[in-house]
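J.: only geometry, no sequence info:
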């Protein structure tokens with residue numbers, strides 16, 4: 001578990017949900033990824049790139065958004081992009097069962113190219129065909 005130091009770290013959450021400052025992002029809602037089951041964890045990152053992927057790959061037709069969030073409890077390395085796939089945590093991606101408080105929104109961010117998005121979506125589709133879940137709870 002990583003304890004959070006809100007004074008030195010900025011955390012981002014990419015989604016298509018329409019949220020407002022002060023809203024809490026909580027577990028128990030339908031996941032933005034995979035088989036759309038109820039989420040046991042919520043995810044955040046210290047990098048805009050990881051949050052950008054979150055916004056771009058989230059289910060739904062809403063506008064892609066990246067929020068600045070504060071964890072309200074302990075966070076841990078996201079096993080979906082660490083350990084098995086990458087040594088350490090190069091994407092600085094984390095998960096938690098504790099809510100994140102929305103404290104801001106990144107309005108000016110650059111999305112991935114159409115080619116990069118297609119490659120990632122194709123990769124996720126291949127994993128799905130192999131029975132590999134994109135999100136590990």
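T.: Great, that's in hand. Bear in mind the structure is a predicted one, so any value in this text is a computation, not a measurement.

J.: did I read that right, residue 40 in a helix?
T.: No. Under DSSP: H, G, I helix; E, B strand; the rest coil, residue 40 sits outside any helix and is assigned coil.

J.: would you list every one of the strands in the protein?
T.: Per DSSP state E, the chain carries strands over the ranges 11-15, 24-25, 42-45, 65-71, 76-77, 93-96, 100-106.

J.: Throw those into a markdown table and include mean pLDDT, thanks.
T.: Output for these, formatted as a markdown table (pLDDT from 0 to 100):
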| stretch | mean pLDDT |
| --- | --- |
| strand 11-15 | 95 |
| strand 24-25 | 95 |
| strand 42-45 | 92 |
| strand 65-71 | 97 |
| strand 76-77 | 90 |
| strand 93-96 | 92 |
| strand 100-106 | 97 |
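
J.: Between those strands, which one is closest to residue 121.
T.: strand 11-15 (15.2 Å; C-beta to C-beta). All C-beta atoms are positioned from the backbone trio N, CA, C, and that covers glycine.

J.: ok, and for that closest one, which residues are buried?
T.: Buried positions in strand 11-15, judged by neighbour count with 16 or more other C-beta atoms under 10 Å: 11, 12, 13, 14, 15.

J.: Check which helices and strands that strand is in contact with.
T.: Judged by 3 or more C-beta pairs under 8 Å, 6 or more residues apart in numbering; DSSP states H and E, strand 11-15 is in contact with strand 42-45, helix 48-57, strand 65-71, strand 100-106.
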